[in-house]
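K.L.:
model the following, please.
(2 chains)
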Amino acid sequence: MKIKYLLDEEEIPKKWYNVAADMPTPLDPPLHPGTLKPLTAADMEMIFPKALIRQEMSTDRWIDIPEEVRDIYRLWRPTPLYRAAALEKALQTPAKIYYKYEGVSPAGSHKPNTAVPQAYYNMKEGIERLATETGAGQWGSALSLATCLFGLKCTVYMVRSSFDSKPYRKSAMRVWGADCFASPSDKTNFGRKILAEMPGTPGSLGIAISEAVEDAASHSDTNYALGSVLNHVLLHQTIEGLELKKQFDLADDYPDIMYGCCGGGSNFPGMVFPFIPDKMKDKKDLRLVACEPSACPSLTKGLYAYDFGDTAGMCPVLKMYTLGHDFIPPGIHAGGLRYHGDAPLLCNLVHDGLIEATALQQTEVFEAATLFARCEGIIPAPEAAHAIKPAIDEARRCKKTGEAKTIFISLTGHGHFDMAAYDAYNDGKLVDYEYPADLVKQSLAKLPKA
Amino acid sequence: MVARVGKIGFLINPIAGMGGAVGLKGTDGLAVAARARGAKPLAAKRARACLHLLSREADLLFFTASGEMGEDELKECGLQYTVAYVAAEESSSQDTKLACRAFLENDVDLIIFCGGDGTARDVASSAGNHPILGIPAGVKMHSGVFAISPQAAAELALGFVRGELKARETEIVDVDEKLYRAGELQTWLYAIARAPYQPVLVQERKRIYVSVSEEEFKDQIALFAAEFMRDGSAYILGAGTTTARIAELLGLEKTLLGVDVIQEGKLLLKDASERDLLALLDKEKSVKVIVSPIGAQGFILGRGSQQISAAVLQRVGEENLIIVSTPHKLAELPQLLVDTGDEQMDATLAGKRMVVTGYRIAQRKDTAAASAPHI
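P.N.:
Okay, here's the model as predicted:
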């Protein structure tokens, strides 16, 4: 059985795919957080370069990838597609399981796919420094790497709970020349305010975003960079799905069901968006499943409404599935999935029924990750493992029904910085969180009107 | 810098724990019978294990009761002490209470006692809001003031007098020994006391909770509850400090050791009995229950809140049972326990249950019926 499906460097896609061109329902516009009127390009120029703003607002189906960006992509792209033969054998399933592994990038995850073009466009427009937030540390590492390659400076606000539990993420960022601070920090007005109100807070992505945006907005040489949620981020990540389609051609196969983990939305949309046109035409049975933690289940339990993208209410107001911008999720180990909302492009497609979602508990996720590691060797990042658990369940179902389905797992990165989390799992110390959706709904129903 | 001298009140219930070995399940009122059955004093030995560790610390001053109620062991361990209370020859619970009062008159920072639940009740009744700490030596220790071992008690005491550890509110519970001797476990919540505690430094909690105090989580739970309680339902609030915090946030004074009913921010019933609750259920369309785990074993029903009986729960419906707990307390409990007196109801409530642990945050926790013999 062939295990690896590899593409040549020359097959790195030359264009990104923009799903906005094919969506049945047009995207609701982002709103200005002050006026609540649709956001204009001028509003965004304070923190983003013009090229990215054009991409953010574009409905063109294909957007060229600059050669300078493709040149850097060559360091690790195309990423391999694997057939999980050992896992199939362990599960004794007639199903075929594939996974595409983004952990081969220098930063260990899919995040450089967008960090590199973001740093490039900012460099081209004369920006000297990028400020950003990071949850698990994957995005902060990726942007530190990308800014380093293009000669920019980088400041990373890292969510306190991850900063403490994954000290070597910070070390990696320092190697690439970036400054990394625990968020909330004393470097911004908003961080100081939160520290005064909640000195012991584990922090949240929402708070860290507010700090990075404040930093960028108050320095003329500095822009902001976001690793998920926004349209241009998802656009850059489609390089994964475009490669994957070619790799499935090589394998002479096509997925029946695709799983990917989903926090704010970057890897999962990037992997599945290029399959949306197929699903709308001749592959109507293809299932695209976003996998989120039950502690922070925005797609499965959230409200589809306009909400702030950050805790301070400085970011654009976005139409998305949200648990409320003031919600601080418990400090689960999959720090990268602790975001109160999700990417508007993804939410639009979930709302239209083209994409479905499922929520998983920490313990079952680590159990699945351990089985995967023992079969396939790779120790998955806790975030990525959220996609493994339901894939294993589906393969077990296939064993019962005898179906030879083709199951795909998006493996976003390795878990080499997450050993404390694996230790907690092996020591039986993991807590299974649940989002009390009914009680929250009850509490919101009678909230006093402002 | 001159180190501050820590002042500690110290007492031993000399007969605590004697009943266990001779099958008496507690010695309240049965000391003579226990001695007659050949029971040997256990408490003194447990106290020494703690005192040996404390004797390595130079800056401690003990206030104690005479003879076997404390003096003898302090002397043997070479510690500096003052006898603040002279006990009767055959000491009783009255001596425990009076000794504690004498300690308080000497402005002690902490009262350490060696005994079981009965001793804890006596100490708590005198100590009020003053921090107390139990060296476990009784037959049954259900109260939250006990350290897990004499050695742990020494560490907690030192941490507390050095200002490194804080005290938290916890429940004093005790079993009805007459019923217990007859094979029936019936626990009652007697008081709320303050005791030093050490947040457990396992990885998971280290990074999430240590810097966020348990009190903050109580506030978060109360804030969330105050929001979801605006739905028009009548809420039966069980005993304990977490549920009391909810009432406090609503500006209501909760019966700490009893059951109250709140509706739309108003106190509907205070210290309600089972009969009151059943009458309420006749009148109200929507009734919900909020309880929190009580004592060191994690009972959410059947201990401390017996008024919320199987008959009440039957009519409320298990879907309307809301459990609240700080993550700290939850992490200390292997599971939650229910004992409504109705096996079928217990079986219905057993399994994984959602526990609200913060603002819009919940955990899943195993819940078991207490009828299992190991409890």
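
K.L.:
who's in contact with the residue nearest to A:L234 when sequence neighbours are not counted?
P.N.:
Distances taken as Cβ to Cβ, 6 or more residues apart in numbering or on different chains place A:P269 nearest to A:L234, at 4.4 Å, with adjacent residues excluded. Just so you know, the C-beta spots here come from the backbone N, C-alpha and C atoms, and that holds for glycine as well. Shown in contact with A:P269 (Cβ atoms under 8 Å, 6 or more residues apart in numbering or on different chains): A:V19, A:L234, A:Q237, A:T238, A:A343, A:L345, A:L346.

K.L.:
for chain A, give me the ranges with low pLDDT.
P.N.:
Scanning chain A for pLDDT under 70 picks out the ranges A:331, A:446-450.

K.L.:
who are the contact partners of the residue nearest the centre of it?
P.N.:
In chain A, the residue lying closest to the centroid (Cα atoms, centre = their mean) is A:S266, at 3.6 Å. Shown in contact with A:S266 (Cβ under 8 Å, 6+ apart): A:H110, A:K111, A:T114, A:G227, A:S228, A:V229, A:V233, A:L234, A:Q237, A:A343.

K.L.:
just to be sure, the fourth one is in a helix?
P.N.:
Just to be clear, that refers to A:G227. No. Counting by DSSP: H, G, I helix; E, B strand; the rest coil, A:G227 is not found in a helix; it is coil.

K.L.:
quick check: bridge partners of B:A65?
P.N.:
Judged by DSSP bridges, the bridge partners of B:A65 are B:G70, B:Y85.

K.L.:
tell me where the model's unsure across the stretch 101-250 of chain B.
P.N.:
Ranges of the stretch 101-250 of chain B meeting pLDDT under 70: B:139-141, B:175-187, B:199-212.

K.L.:
which residues in it form helices?
P.N.:
B:117-127, B:150-161, B:177-181, B:203-208, B:214-228, B:241-249 (DSSP state H, counting those that start in this stretch).

K.L.:
deepest of those helices, which one?
P.N.:
Stretch with highest mean neighbour count among these: helix B:117-127 (a mean of 26; mean count of other Cβ atoms under 10 Å in any protein chain shown).

K.L.:
contact partners for the closest residue to A:S228 other than its chain neighbours?
P.N.:
Distances taken as Cβ to Cβ, 6+ apart put A:G264 closest to A:S228, at 3.3 Å, once the chain neighbours are dropped. Taking Cβ under 8 Å, 6+ apart, we find A:G264 in contact with A:L205, A:G227, A:S228, A:V229, A:Y339, A:G341, A:D342, A:A343.

K.L.:
try it again with 7 Å
P.N.:
By Cβ atoms under 7 Å, 6 or more residues apart in numbering or on different chains, the contact list for A:G264 reads A:S228, A:V229, A:Y339, A:G341, A:D342, A:A343.

K.L.:
now swap in A:D221 and tell me
P.N.:
Here A:D221 is in contact with A:I127, A:E128, A:R129 (Cβ under 7 Å, 6+ apart).

K.L.:
quick check: it vs chain B, distance?
P.N.:
The spacing between A:D221 and chain B, counted by Cβ to the nearest Cβ, to the nearest Å, is 34 Å.

K.L.:
please pick the buried ones from the contacts of A:D221.
P.N.:
For the contacts of A:D221, a burial check counting by 16 or more other Cβ atoms under 10 Å in any protein chain shown picks out A:I127, A:R129.

K.L.:
from the contacts of A:D221, which ones fall inside strands?
P.N.:
If you go by DSSP state E, those have A:R129 in strands.

K.L.:
return the member of the contacts of A:D221 nearest to chain B.
P.N.:
For the contacts of A:D221, the minimum distance to chain B (Cβ to the nearest Cβ) is 29.5 Å, reached by A:R129.

K.L.:
measure whatever residue of the stretch 1-150 of chain B ends up closest to chain A to A:G377 for me?
P.N.:
In the stretch 1-150 of chain B, no residue comes nearer to chain A than B:I148, which is 17.6 Å away by Cβ to the nearest Cβ. As judged by Cβ to Cβ, to the nearest Å, B:I148 and A:G377 stand 41 Å apart.

K.L.:
higher neighbour count, the two?
P.N.:
Higher neighbour count among B:I148 and A:G377: B:I148, with 13 against 8, using other Cβ atoms under 10 Å in any protein chain shown.

K.L.:
show me what contacts that one?
P.N.:
Applying Cβ under 7 Å, 6+ apart, no residues contact B:I148.

K.L.:
B:G6 pairs with what?
P.N.:
B:L60.

K.L.:
verify the stated contact: it with B:L60.
P.N.:
Yes. Using Cβ atoms under 7 Å, B:G6 makes contact with B:L60 at a distance of 5.0 Å.
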